[in-house]
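Quick one, structure for this:
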Amino acid sequence: MRSPRSPLILLLCVLLAPGCGEDGTPTVVPTPTPAPTPTPGGVVTGARTGPTEITFLAAEPSPGATIDGCGRDARGCSGRVRMGFRLLSASGGPVLDAIGFLHATNQLACYRGATGPFELQPGTAREIAIVFDQPDPVCGVPASIAHMKVVLNAPVQTASLQEWAVRYELRP
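Predicted coordinates:
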């Protein structure tokens, strides 16, 4: 004897017939994880935390570039990379600063850049620029930059972090 089916289960099985088992129970099919999509310049979006969306817009020089004339360490290329980002917050609020980091393949944060304080309006996109002008002299040259991160230092309703894969080659 078959067990009685609830009208909801029956409706689901009729609508999603290929997704139901023989006994009328819905089967769960895993949703495939989409491949990361490159953003402008071949930058690949990575991990994200927090409620504010941080979107990479552009960079000067473009990601993938080789930056010559850096000297012996990262100080020689200070301020030579500038990036734009779009921020979108549903709640808005004050932001102490946005800090960007460029990490070498050895995971050292070779460059850091920051904005000053600003305010995000609820539901309104805001564009910011970060100049990576604070080098870590420990980073030797030549070096390969492979990772970028932007952190919003703000109250919990706005604070966020976004990571990307990015490529730059630093040369003496």
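
okay, now E163: neighbour count?
19 (other CB atoms under 10 Å). For the C-beta atoms, the positions are set from N, CA and C on the backbone; glycine is no exception.

Three-state assignment for the nearest residue to it once chain neighbours are set aside, please.
Of all residues not flanking E163 in the chain, G46 sits nearest, at 3.8 Å (CB to CB, 6 or more residues apart in numbering). Taking DSSP: H, G, I helix; E, B strand; the rest coil as the rule, one finds G46 in the strand state.

What of the one 5 residues further on?
Local secondary structure at P51 is given as coil here, using three-state DSSP.

who's in contact with it?
Neighbouring residues of P51 by CB atoms under 8 Å, 6 or more residues apart in numbering: S89, A90, S91, Q157, T158, S160.

so where's the chain shaky on pLDDT?
The chain contains residues with pLDDT under 70 at 1-41.

Spell out the residue ranges of the helices in it.
For the chain, applying DSSP state H gives helices covering 7-15.

hmm, back to that, quickly name whichever of the contacts of P51 is closest to F101.
S160 (14.3 Å; CB to CB).

Wait, that closest one touches R48, no?
Yes: under the criterion of CB atoms under 8 Å, S160 makes contact with R48 at 7.2 Å.

Give me the common contacts of the two.
Contact with both S160 and R48 is made by residues I54, according to CB under 8 Å, 6+ apart.

Compare neighbour counts for the two and give me the winner.
More crowded of S160 and R48, by other CB under 10 Å: S160, with 20 against 13.

wait, what's in contact with the more buried one?
By CB under 8 Å, 6+ apart, the contact set of S160 is R48, T49, G50, P51, T52, E53, I54, V151, L152, A154.

try I128
Contacts for I128 were tallied using CB under 8 Å, 6+ apart; they are G84, F85, L87, A98, T115, F118.

R75 now?
Residues near R75 by CB under 8 Å, 6+ apart: P135, P137.

separation between it and N106?
According to CB to CB, to the nearest Å, R75 and N106 sit 17 Å apart.

All set, thanks.
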